[in-house]
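>>> Okay, sequence plus prediction incoming.
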Amino acid sequence: MSSFARLGALRAEILASHRALLDAERLAYERLFGRIPGSTELLQLAIHDPWFGWLRPLTALIAAMDELAVDEEPDDLAVRVEQFRGSARDLMQPDENGTEFQQRYFELVQKSPDVALAHGRLSRLLDDVR
């Protein structure tokens, strides 16, 4: 598999995990504060509201991957893909005693079937992406 293909596969699974986490957090937010009218409002909340702040490290990882994906043919692409893989593996570890992200991720892997499924797919890919 080419480095660009590995980057694309990794990005797709990370995006799926991000979507599952965002959907789960949206439901929890709406239970407390009422319905979020649309995707524009959700985006604004995801960017600015502290409720969603714990997701920002994952969002930053996706943005960095996107920047690399638009680069013509970087000389260090294989190395960078491996770095992203390592960063994703470190971040996406559900751990009730870990970082804020890992703690919240742990909770949602336990509560949300969609998050648990996305976690399983991403974990398999992180083990196989070499």
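Sure thing, it's come through.
>>> any idea how far the spatially most central residue of the chain lies from A78?
The centre of the chain sits closest to H18, judged by CA atoms, centre = their mean, with a distance of 3.7 Å. Distance, H18 to A78, by CB to CB, to the nearest Å: 24 Å. For every residue, glycine as well, the C-beta is placed using N, CA and C.
>>> Next: L22.
Look at L22 and A78: by CB to CB, they are 30 Å apart.
>>> neighbour-wise, which of those two wins?
L22 (18 against 14; other CB atoms under 10 Å).
>>> what sits against the more buried one?
Counting by CB atoms under 8 Å, 6 or more residues apart in numbering, L22 makes contact with L42, A46, F52, L55.
>>> if we go to 10 Å?
The contact partners of L22, by CB atoms under 10 Å, 6 or more residues apart in numbering, come to L42, L43, L45, A46, F52, L55, L58, T59.
>>> Give me the pLDDT value at it.
With respect to pLDDT, L22 scores 97.
>>> after the helix or strand where it lies, next one along is what?
Using DSSP states H and E, L22 sits within helix 3-33. Helices and strands here follow DSSP H and E; after helix 3-33, the next one along the chain is helix 39-48.
>>> From the contact counts, what lies against that following helix?
For helix 39-48, the packing partners by 3 or more CB pairs under 10 Å, 6 or more residues apart in numbering; DSSP states H and E come out as helix 3-33, helix 56-70.
>>> Tabulate these (CSV), appending distance to N97.
CSV is the format used below for these (distance: least, CB to CB, whole Å):
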stretch, distance to N97
helix 3-33, 19
helix 56-70, 17
